[in-house]
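>>> Sequence plus predicted model, see below.
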Amino acid sequence: MATINWAAIDSDPRFRDLHDRKTRFLWGLMAFSVAYYFLLPIGAAYFADLYKVKVWGPINVGLLFALSQFLVAWAIAYIYARRASQFDEMAEKIARDADTIGVRK
Amino acid sequence: MNARTRKVVPALGLGAALLVGAEPAFAQAVAPQWRYLTFGVFAAIIGLTMYVTYLAAKRVKTSADFYTAGGGVSGLQNGWAIAGDYLSAASFLGIAGLISLYGYDGFMYSVGWLVAYITVLLVIAEPCRNIGKYTMGDILAFRNNPKTVKAFMAVSTITVSTFYLTAQMVGGGVLVKTLIGIDYEYSVIAVGILMLGYVIFGGMVATTWVQIIKAILLVVASLVMVFMVWSQYGFGGPEYFQKVIGDPKIQARVGSLLGDAANNLTGSELGQRFLEPGLYLKSPIDQISLGMALVLGTAGMPHILMRFFTVPTAQQARISVIWAMAIIGGFYVLTLFLGTGAAMLVGPTNIIAADRGGNMAAPLLAQFLGGGPDSMLGNLMLSFVAAVAFATIVAVVAGLVLAAASAMSHDIWVGIVKGEHATDEEEKRAARICTLIVGALAIVIGILAQGQNVAHLVALAFAVAASANLPVVLLTLYWKRCNTGGVVAGLVVGTLTAIGLVLVSPNMTYPMQLKAAQQKIVDANAPVIEKLTASVATTTDAAAQDKIKKDLAAAQKAKAGAEAALAKIGAETTSLVGLEKPLFELRNPGLISIPLGFLAVLIGSLLYRDRRAEEMWDELYVRSNTGIGRAVAAAH
């Protein structure tokens, strides 16, 4: 491991590409999920009348919104898992060349 | 009744804590002639976990086996173990109970616990797997001054674990006492000794398997119960909820919660109200503050993070979170039906009679579904649910003790005292000794805290994890300029503000306020008693007289109760920290302490110059994103 030039890998265009894609994707997804979650208590507090609107028999907007939180959480996990396999491939290629990137002989 | 209930149930105290607030009202769940069933089921489940521990003990050869099962756990196994670690008695009993008593709000409350895993999945699990070895201290030590950050992180780990542990031990003691009728002290000792057996002999291998077994039992028990409820009321969907809103017991419950506001509502309007927000959660700001602590705190919980060191690769860490999210989320959806099913079949009145916090909803539902308190099957099902709840507490406590003991042995003893120079044999022995110390401590604290209101401790554990642990781990992993100064500042400021704010919050007991409330009851009942006493003498109609006598007895009982409470408070006037009333209105400090924790890391890092932390950044960032050079899993 001592031979690995970390700074060179960090500035390698492939690693930069991985970093850019990952950062944008992860923090975007994170921001969306946090915002979607906090809408639930905020909505319950300030838009209670909307939550009471009946949609399907006695099932109201509030109940559907709470259930949708589960679906959205699972969807995020699924989207992330699919996307992450692309990141894995990119990372693997970099890792394979790790010993040679930026090594001065 | 309604106002009283609302006061008794700690407004946003988490489920495990609800177990405790309600202690005095516990009834014995299993009748003596069925006790043998309880013992049989308990013996079977404990026997199974013991056998697994015996097998596991043979596989614990190195300290890596002890701390992290040698990194040889698969993603699927780890996902079940995470679910087992996370679905504490609080989720199982507490949330089902909340839903059975308060409907929608109880369900809404469960959502945050799942959403918390998105943070874990997206930004924490994989980098931690690539950077860490055994403890959170290892992650921080990568680019900061190892001794300093390990010392502070170990203290924080032990603090968080102890808070959570105390709530679990006290809740567990009360639960076991109720379910199988042995004394509180013996319950706590039984939980403690069993847990120590698993951890000391089987380390992380046994802990993982106990958590997996318990999670499977919990999910199976819940599925069976939900299908039995559905077979009576329709499979989910509108027809099920039509039965919920049409149920007279639920309508009566909502009526008593709403008080005067319920007067001009029809029965089905009252039932519908059960599916609408606002029966339990009264303070939106507090609710948001708790949500922040959950969403960020779960990712900073030492016993949760430690689970990611047990898998061989970042990919397996990812798979394990995804499995955990599927299991935990599916379970919380089931609690909606466990809770509403218990409300319809057992009824909120009976649930409250067994435990004011509602924690007996699921066990009582099991008993009812099996044929009721007089049937063998009913008691067998109750015993099974009780045994699962017991296994739950033992498994969660095992995870917590292992996390705290690892911080003590790996970070403090090996990392600091021995300066990283300890043989593997020495480290393994140290880890076992530390486990024994933490476990003994947990038993002692559990017994000392009997009858104490530990309601705020679970929330506090999450608040400290979110305000101190998460900011330092997150910024160490993602911010180039983060360094030792920032880590120390963040841990100190985050921990102290979270604890400090809770100490001056409404969670504490304020004798003056209690006195005022009780005095009000005395004052209100005194004239009523006088008036009723006078009218008893003048009324001649026998029926009317009976009614007055009944009212009189109720008023006298209320007054006597309040007077007894006043006498109990005695001459005390201030809370634990010498306050007459709360200085800070939120029960959950996260809203303030989390931003302060992050701010402290930022300021601390900028003020403290550390060239090494910046030089190491490239290596840390490349490693965390590519997994190059991670600790390779032992072959099992």
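Looks like it came in fine.
>>> how about the strands in chain A?
Listed in chain order, the strands of chain A (DSSP state E) span A:54-56, A:59-60.
>>> Just checking the last one against chain B, any contact.
Yes - judged by Cβ under 8 Å from any Cβ of the partner chain, strand A:59-60 and chain B are in contact via A:59-60. Where you see a C-beta, it was placed from the backbone N, CA and C, and this is true even at glycine.
>>> Sheet partners, orientation included, of that strand?
Each strand that strand A:59-60 pairs with, and the sense of that pairing, follows from DSSP bridges: strand A:54-56 (antiparallel).
>>> sorry, back to before: least confident of the strands of chain A, on average?
Comparing mean pLDDT over the strands of chain A, the weakest stretch is strand A:54-56, at a mean of 87.
>>> wait, does the longest helix along chain B contact chain A?
Ranked by number of residues, the top helix in chain B under DSSP state H is helix B:184-233. No - remark: helix B:184-233 sits outside contact range of chain A, by Cβ under 8 Å from any Cβ, the gap being at least 12.6 Å.
>>> Going by neighbour count, which residues of the helix or strand following that helix are buried?
Following helix B:184-233 in sequence order, the next helix or strand is helix B:237-246 (DSSP states H and E). Using 16 or more other Cβ atoms under 10 Å in any protein chain shown as the burial criterion, the residues of helix B:237-246 that qualify are B:240-245.
>>> who are the neighbours in contact with the most far-flung residue of chain B relative to its centre?
With Cα atoms, centre = their mean as the measure, chain B has its most outlying C-alpha, relative to the mean C-alpha position, at residue B:540: 56.5 Å. For residue B:540, no contacting residues are found, by Cβ atoms under 8 Å, 6 or more residues apart in numbering or on different chains.
>>> Now it. Its backbone dihedrals?
Dihedral angles of residue B:540 (phi, psi; degrees, to the nearest 10) stand at phi -110, psi -30.
>>> cool, residue B:74 as well?
Note on residue B:74: backbone dihedrals following degrees, to the nearest 10 are phi -80, psi 160.
>>> wait, doesn't it sit right on residue B:317?
No - using Cβ atoms under 8 Å, residue B:74 makes no contact with residue B:317, being 11.1 Å away.
>>> out of these two, which sits in the busier spot?
residue B:317 (26 against 15; other Cβ atoms under 10 Å in any protein chain shown).
>>> from the middle of its chain, how far away would whichever strand or helix holds the more buried one be?
Secondary-structure assignment from DSSP H and E places residue B:317 in helix B:314-345. Its chain's C-alpha centre lies 15 Å from the corresponding centre of helix B:314-345 when counted by Cα atoms, centre = their mean, to the nearest Å.
>>> okay, the angle between that helix and helix B:184-233?
Angle of helix B:314-345 versus helix B:184-233, following axes from the mean of the first three to the mean of the last three Cα atoms, to 10 degrees, is 80 degrees.
>>> anything in helix B:314-345 near chain A?
Yes - Helix B:314-345 lies within reach of chain A by Cβ under 8 Å from any Cβ, at B:315, B:318-319, B:321-322, B:325-326, B:329, B:332-333.
>>> just to revisit the earlier point, let me see the confidence value for the residue farthest from the centre of chain B.
Note on residue B:540: pLDDT of 76.
>>> if we can go back for a sec, in CSV, list the strands of chain A along with mean neighbour count.
Compiled in CSV, the strands of chain A are given as follows (neighbours: other Cβ atoms under 10 Å in any protein chain shown):
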stretch, mean neighbour count
strand A:54-56, 12
strand A:59-60, 20
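>>> how many other residues sit next to whichever residue of the stretch 351-500 of chain B sits closest to chain A?
Checking the stretch 351-500 of chain B residue by residue against chain A with Cβ to the nearest Cβ singles out residue B:478 as nearest, at 8.9 Å. If you count neighbours by other Cβ under 10 Å, residue B:478 ends up with 16.
>>> Could you do residue B:627 as well?
When neighbours are counted by other Cβ under 10 Å, residue B:627 registers 20.
>>> ok, it to residue A:95 distance?
Taken as Cβ to Cβ, to the nearest Å, the spacing of residue B:627 relative to residue A:95 amounts to 7 Å.
>>> Let me know the angle separating the longest helix of chain B from helix B:237-246.
Computed by the same axes, to 10 degrees, the angle between helix B:184-233 and helix B:237-246 is 120 degrees.
>>> Off-centre distance for helix B:184-233?
Counting by Cα atoms, centre = their mean, helix B:184-233 is centred 14 Å from the centre of its parent chain.
>>> Then stretch A:61-68?
When C-alpha coordinates are averaged (Cα atoms, centre = their mean), stretch A:61-68 and its chain have centres 23 Å apart.
>>> quick one: buried residues of that stretch?
If you call a residue buried by 16+ other Cβ under 10 Å, then stretch A:61-68 has these buried ones: A:61-63, A:65-66.
>>> quick one: which of those sit in helices?
With helices defined by DSSP H, the entries of those inside them are A:61-63, A:65-66.
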